[in-house]
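> I'd like to go over a predicted model; first the sequence, then the structure.
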Amino acid sequence: MPIDADILESINKKSRECDYLLAVLDLWAQVEAQGIAPETVASFGFDPKLLEGKDARDYRNCRDRFVNPHRQPDNTYRTYYHNFVRLNDGSIQPLDPILKAVRRTEE
């Protein structure tokens, strides 16, 4: 019996969504492992001024490893990593180690 292409695409789409959601849960687990309560986090961010040591050298030598060099429509750049979280009170909490940003895979 041949597999219907629409059914296969639906399964693949659900699999990609599941992978994304698991990666998001893992990101939150890594934040919590750094002693930051997830419910206190308002957003994630990247600031090269907060990089230290090898990460700072890597950023100077290969900026594209951290930030997508292509400008987004809103005039910002996408980051591949987060090195701080902004808390609900507006303060910034650096992340050590920095965490890989979670992105949805392209359809």
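Nice, thanks for sending it over.
> what segments of this protein are helices?
5-33, 53-61 (DSSP state H).
> with distance to R104, mean neighbour count and mean pLDDT as added columns, please give those in a markdown table.
(Glycine included, C-beta is placed from N, CA and C.) Output for the helices of the chain, formatted as a markdown table (distance: least, C-beta to C-beta, whole Å; neighbours: other C-beta atoms under 10 Å; pLDDT from 0 to 100):
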| stretch | distance to R104 | mean neighbour count | mean pLDDT |
| --- | --- | --- | --- |
| helix 5-33 | 5 | 12 | 95 |
| helix 53-61 | 25 | 12 | 84 |
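> distance to E39 added to those helices, as JSON lines?
Shown next, in JSON lines, are those (distance: least, C-beta to C-beta, whole Å):
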{"stretch": "helix 5-33", "distance to E39": "10"}
{"stretch": "helix 53-61", "distance to E39": "27"}
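> which one of these lies nearest to H82?
Comparing the helices of the chain by their distance to H82 (C-beta to C-beta), the top pick is helix 5-33, with 8.1 Å.
> what's the closest one packed up against?
strand 92-100 (3 or more C-beta pairs under 8 Å, 6 or more residues apart in numbering; DSSP states H and E).
> what packs against the strand it packs on?
helix 5-33, strand 81-87.
> how about these in JSON lines, adding distance to A56?
Below are the helices and strands packed on strand 92-100 laid out as JSON lines (distance: least, C-beta to C-beta, whole Å):
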{"stretch": "helix 5-33", "distance to A56": "21"}
{"stretch": "strand 81-87", "distance to A56": "10"}
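> who wins for proximity to F46 among those?
Nearest of these (C-beta to C-beta): strand 81-87, 5.5 Å.
> adjacent strands (with direction) for the closest one?
Each strand paired with strand 81-87, and its direction, by DSSP bridges: strand 41-45 (antiparallel), strand 92-100 (antiparallel).
> tell me how far the shortest one lies from the chain's centre.
Mean C-alpha position of strand 41-45 versus that of the full chain (C-alpha atoms, centre = their mean, to the nearest Å) differs by 11 Å.
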